[in-house]
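*Asks:* Sequence first, then the predicted structure, then my questions.
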Amino acid sequence: MLFFGIAFCLAITFLMYSLAYPIKYKSEVVSAAEKYDLSPALVLSIINVESGFDKNAVSKKGARGLMQLMPETAAAVSLKDGFDPNALFDVETNLDCGCKYLRYLLGLFSFDEAICAYNAGPTKVRSWLRTEKYSSDGITLKEIPFNETRDYLQKVKKNNAYYKSKV
């Protein structure tokens, strides 16, 4: 009886982790992450927090697809004339634009600040870094003024810790 109890608990735990940390589009994520020298775990983490792996997700502000990109950001990143915002519902296009944008942010900021910029935008993060209340050195945020961005950073980091053991 004890064996079945333990097996049941393990099965429930596995199910809970599978629901909280799904892995979809793994080969596409790995390919896009490698193209832009990113950790697949980080990309999976952002996707999980941004869209829950829903390739058709649309935010209240208009961000689209897996990595929840604004059409204007994706158009700028893609460097294509006449970028079709509906292309962001295509998994590979979304991952390519999202990973390229994430690589760009990681070139501008340190890790935590780049993740904050993915959520709040680089202009906001730059303004926070220029404000002594939020940054003492202009490089690292000691305080994040937006609750949403603070929570976002913590979720991405928690997801990243989990996904590192899976990909």
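*Replies:* On my side now, so go ahead. Numbers count the residues shown, from 1 in each chain.

*Asks:* what's the neighbour count on S78?
*Replies:* Other residues near S78 come to 18 when the count uses other CB atoms under 10 Å. Using the backbone N, CA and C atoms, a C-beta is placed for each residue, glycine as well.

*Asks:* need the contact list for it.
*Replies:* By CB atoms under 8 Å, 6 or more residues apart in numbering, the residues touching S78 are 93, 96-97, 100.

*Asks:* got a list of what the most centrally placed residue in the chain touches?
*Replies:* The centroid of the chain falls nearest to I46 when counting by CA atoms, centre = their mean (1.7 Å). Applying CB under 8 Å, 6+ apart to I46 gives the contacts 67, 98, 102, 115, 118, 156, 159.

*Asks:* out of the contacts of S78, which is most surrounded?
*Replies:* C97 (27 neighbours).

*Asks:* And for the nearest residue to it once chain neighbours are set aside, the neighbour number?
*Replies:* In space, and not counting its chain neighbours, C97 is closest to A74: 4.4 Å by CB to CB, 6 or more residues apart in numbering. Neighbourhood size, A74 [other CB under 10 Å]: 26.

*Asks:* Tell me if A74 really is in a strand.
*Replies:* No: per DSSP: H, G, I helix; E, B strand; the rest coil, A74 lies outside any strand segment and is helix.

*Asks:* so it touches P85, yeah?
*Replies:* Yes: contact criterion CB atoms under 8 Å: A74 and P85 qualify, at 7.3 Å.

*Asks:* which residues do these two both contact?
*Replies:* Contact with both A74 and P85 is made by residues R64, according to CB under 8 Å, 6+ apart.

*Asks:* measure the residue nearest to L38 when sequence neighbours are not counted to G138 for me?
*Replies:* Closest residue to L38 apart from its sequence neighbours, by CB to CB, 6+ apart: C99 at 5.7 Å. Distance, C99 to G138, by CB to CB, to the nearest Å: 27 Å.

*Asks:* More neighbours: these two, which one.
*Replies:* C99 (25 against 11).

*Asks:* Could you list the residues in contact with the one helix or strand the more buried one maps to?
*Replies:* Taking DSSP states H and E as the definition, C99 sits inside helix 91-108. Contacts with helix 91-108, where a contact means CB under 8 Å, 6+ apart, come from 25, 28-29, 31-33, 35-38, 42-43, 46, 55, 64-67, 69, 73-74, 77-78, 87-88, 114, 117-118, 122.
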